[in-house]
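Student: Here's a sequence, model it:
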Amino acid sequence: MNKYIVATSGGFISTKRWGVMRPGSTFLKALELTKKDRPKVCFIMTATGDDASYISRSYEALSDLRVDVTHLALFPQPNADIEERIMQSNLIWVGGGSVANLLEVWKIHNLGIHLKNAWENGTVLSGVSAGSICWFKGGTTDSFGPELKPITNGLAFLPFANGVHYDSEEQRRPLLHSLIKDKTFELAYATDDHTGIVFENQTPIEVVSDVSKTNDKIPSAYKIELKNNEVIETKLLPGIIS
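Tutor: Sure thing, here's the model as predicted:
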């Protein structure tokens, strides 16, 4: 059985109606990978403390799709059926926010083992920003304040680092490069806003974008590695990764 993770800096697109989102191609790709006629989708919004408006807007964004939606809450108290809710889901989508807080709260509630079991049994894991970084060894985060810091205690289902919002936050690229240079991480994958990478097992197989262009450029993904003591960044355009 193949295992899938869709790691994104996207997923949902704002509409002209205030506060209303619609699912983008990155989320729809994750949904497609479930191979279910009516997938069971579970939102996990720990990174924003289970913000009620975020959860509500996410439910509304899927209202026109043929899906069954639920969410796993850990604040102020957890759902009684944490393991069951995770294991019964076909797609788990983790929202953005503080990845540092998310990882600590998940650790307290033993979510890591349940999520890994679900992944190994066919559940597609996905998410945006903090909900992308969490699946990797770590990456760059603003969890500690405006100055970005490294985080290195991710779940490591994917044995790489992850960079998110790569084109829209100027600290992201140089910090990730420095973490590759000093060998904090051996290899990293990054995504521009509105972009996601599909990993089959632990191999990147496709780049998906929610939009065709932003500011006259094509949103892309990137592979960052150290070769001959030099940091090499390779752009991965939307489409199948050859």
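
Student: Would you check how far apart the closest residue to residue 236 other than its chain neighbours and residue 37 are?
Tutor: Spatially, and ignoring its direct neighbours in sequence, residue 236 is nearest to residue 221 (4.2 Å; Cβ to Cβ, 6 or more residues apart in numbering). Glycine gets a C-beta too; all of them are placed from N, C-alpha and C. Going from residue 221 to residue 37 by Cβ to Cβ, to the nearest Å gives 30 Å.

Student: Can you tell me which residue is spatially central in the chain?
Tutor: If you average the C-alpha coordinates of the chain and look for the closest C-alpha using Cα atoms, centre = their mean, you land on residue 132, 2.2 Å from that point.

Student: What pLDDT does the model give that one?
Tutor: On pLDDT, residue 132 comes in at 99.

Student: Make 54 the first number, not 1, from now on.
Tutor: Shifting the count to begin at 54 puts that one at residue 185.

Student: and it, what helix or strand is that in?
Tutor: Residue 185 is part of helix 183-186 when elements are defined by DSSP states H and E.

Student: and if you look at residue 212?
Tutor: Using DSSP H and E, the secondary-structure element containing residue 212 is strand 211-216.

Student: The helix or strand just after that strand to strand 211-216, inter-axis angle?
Tutor: The element immediately downstream of strand 211-216 (helix or strand, assigned by DSSP H and E) is helix 225-234. Regarding helix 225-234 and strand 211-216, their directions subtend 140 degrees when assessed with axes from the mean of the first three to the mean of the last three Cα atoms, to 10 degrees.

Student: Does anything pack onto helix 225-234? Which helices or strands?
Tutor: Using 3 or more Cβ pairs under 8 Å, 6 or more residues apart in numbering; DSSP states H and E as the contact criterion, the elements in contact with helix 225-234 are strand 189-194, strand 211-216, strand 240-244, strand 274-280, strand 283-289.

Student: Dump the ones you listed to TSV, plus distance to residue 107, mean neighbour count and mean pLDDT.
Tutor: Listed next are the helices and strands packed on helix 225-234 as TSV, based on distance: least, Cβ to Cβ, whole Å; neighbours: other Cβ atoms under 10 Å; pLDDT from 0 to 100:
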stretch	distance to residue 107	mean neighbour count	mean pLDDT
strand 189-194	18	25	98
strand 211-216	21	24	99
strand 240-244	20	25	99
strand 274-280	25	18	98
strand 283-289	29	13	98
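
Student: so what's residue 65 up against?
Tutor: Taking Cβ atoms under 8 Å, 6 or more residues apart in numbering as the definition of contact, the neighbours of residue 65 are 74, 75, 76, 77, 80, 111, 114, 181.

Student: let's go with 7 Å and repeat that
Tutor: Going by Cβ atoms under 7 Å, 6 or more residues apart in numbering, residue 65 touches 74, 75, 76, 77, 80, 114.

Student: same check, this time on residue 113
Tutor: Residue 113 makes contact with residue 73 under the criterion Cβ under 7 Å, 6+ apart.

Student: would it count as being in a helix?
Tutor: Yes. When the secondary structure is assigned by DSSP: H, G, I helix; E, B strand; the rest coil, residue 113 falls within a helix.

Student: Need the phi and psi values for the residue of the chain positioned farthest from its centre.
Tutor: Distance from the C-alpha centroid of the chain peaks at residue 281, with 30.4 Å (Cα atoms, centre = their mean). In terms of degrees, to the nearest 10, the main-chain angles of residue 281 are phi 50, psi 40.
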